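Enquirer: Need the 3D shape of this:
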Amino acid sequence: MTKLCWAAVAALCCFVSPVWASADDQAGVEGARVEEERLLGSAGEQTPTKNHLPFTRRLRVTGAIDGPLAQSAARAGLPATAVLEMVRAFRAAVDLDEDLMNGDSFTVSYRQEYTLEGHPIGAAQVMWATLSTAARGMLSVHRFRAGRARQEKLWLANGEAAVPAGMRWPLDEINVSSGFGLRSDPIARPVAIAAKPVATSARGRNNKTASGGPVRPGPIVRRALLMHQGVDFAAESGTPIHAAAAGTVTGARQNGGYGNWIEINHDDGLKTVYGHLSAFAPDLIEGAWVERGQLIGFVGSTGRSTGPHLHFELHHNGVPTNPVVHPAVRRLQMRGGDLARFRRLVTKDLEEARQECDACGNP
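Expert: Got it, this is the predicted structure:
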């Protein structure tokens, strides 16, 4: 056998029997085998990653209010992340401190991922939830992906986003008595302007008085127009006024036609103004920080006012804007095809809620 053949045999033997290899080579081979088994599993394992494959379950929890909503839901077994999500969603539509009473009830459908061993992983997500209250009737929220949004969100059953608007209204009950824009001055005395005589036409018998002279109409009464830079909310004197959002009080004093006046600077270039107050909240001073919803004063009729009401202004980057339509005050509203699909989802979810209620024997 030639030297070349002996070399080939030796190489083959080294490949088949790694015992002939060096210690370093054996360590390398063993390390590769361990890594291979870690990634792919050993030959003796039929399902190497079986216990780590997740699956998702849909679960429902029903309970009664006994104290705060969050505590009641947690006692009923709702996971912490779903409790937080539900409370945030319902807070957009109802005052959870004032409108909920012991004995009110809730039902929550949520999804949760588990390992095959039954261990929960990831965050539980609310799919839909209902809140039955004596004060406000039944409210519900539903998870839905609108338009081209990347993520699903919770929406109120009427198609409004289930997140609080950036600003709240300054009164608990809103009754708009005068809108934003040009209007006649309600206080300035009207101006009488003499009208020109009506010209006599060729057939002008009807344009003449009994004495034969031209008809002279009475004076035209006109009121001065002014730009109303806010909206007026009718309310009884003494009605509490709340800060529309958190911010710094930059004015709290008597201010000409505004009467008792408050100005608050907020984030994102927003500023709110409150006029005609009967009184300020105790300890409210310029430079103070106020939270959203904090009491700042009381409705009155001070300054240039015809009766008790709150004059409310919203300025954006120094420019007065209509608060009724500004995005900071209004929640996002679903429309069009999204709203139609969402309504079908709401119907399905509420039917599930009704069946859950029947199964529990609730009225």
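
Enquirer: For the protein, which segments count as helices?
Expert: For the chain, the helices defined by DSSP state H cover 3-16, 23-40, 69-75, 80-91, 336-360.

Enquirer: Break the chain into its domains for me.
Expert: Domains of the chain are assigned by automatic domain parsing as 51-164+332-363, 165-185+227-330, 189-222.

Enquirer: Reformat those as JSON lines; add mean pLDDT and mean neighbour count.
Expert: (Glycine included, C-beta is placed from N, CA and C.) Putting the domains of the chain into JSON lines (pLDDT from 0 to 100; neighbours: other CB atoms under 10 Å) gives the following:
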{"stretch": "domain 51-164+332-363", "mean pLDDT": "89", "mean neighbour count": "16"}
{"stretch": "domain 165-185+227-330", "mean pLDDT": "92", "mean neighbour count": "17"}
{"stretch": "domain 189-222", "mean pLDDT": "55", "mean neighbour count": "10"}
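
Enquirer: which residues touch the nearest residue to residue 174 once chain neighbours are set aside?
Expert: Using CB to CB, 6 or more residues apart in numbering and skipping the chain neighbours, the partner closest in space to residue 174 is residue 233 (5.9 Å). Residues in contact with residue 233, defined by CB atoms under 8 Å, 6 or more residues apart in numbering, are 169-171, 174-177, 309-310, 312.

Enquirer: Residue 233 and residue 333: what is the separation?
Expert: 22 Å (CB to CB, to the nearest Å).

Enquirer: Please apply the same query to residue 122.
Expert: Residue 122 is 31 Å from residue 333, by CB to CB.

Enquirer: can you check residue 70 too?
Expert: Counting by CB to CB - residue 70 and residue 333 are separated by 27 Å.

Enquirer: For residue 348, see how far away residue 127 is.
Expert: 11 Å.

Enquirer: Actually, residue 54.
Expert: Noted for residue 54: a distance of 26 Å to residue 348, by CB to CB.

Enquirer: Also residue 329?
Expert: Counting by CB to CB - residue 329 and residue 348 are separated by 32 Å.

Enquirer: Next one, pLDDT for residue 15 please.
Expert: Among the per-residue scores, residue 15 shows a pLDDT of 41.

Enquirer: Which strand residues bridge residue 275?
Expert: The partner list for residue 275 in beta bridges (DSSP bridges) reads residue 311.

Enquirer: Residue 111 now?
Expert: The partner list for residue 111 in beta bridges (DSSP bridges) reads residue 58, residue 125.

Enquirer: OK, contacts around it?
Expert: Applying CB under 8 Å, 6+ apart, the residues near residue 111 are 56-59, 124-125, 127.

Enquirer: Redo those residues as JSON lines? Include distance to residue 257.
Expert: JSON lines is the format used below for the contacts of residue 111 (distance: CB to CB, whole Å):
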{"residue": "56", "distance to residue 257": "62"}
{"residue": "57", "distance to residue 257": "63"}
{"residue": "58", "distance to residue 257": "60"}
{"residue": "59", "distance to residue 257": "59"}
{"residue": "124", "distance to residue 257": "55"}
{"residue": "125", "distance to residue 257": "52"}
{"residue": "127", "distance to residue 257": "53"}
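
Enquirer: and which of those is nearest residue 113?
Expert: Closest approach to residue 113 among the contacts of residue 111 (CB to CB): residue 56, at 5.2 Å.
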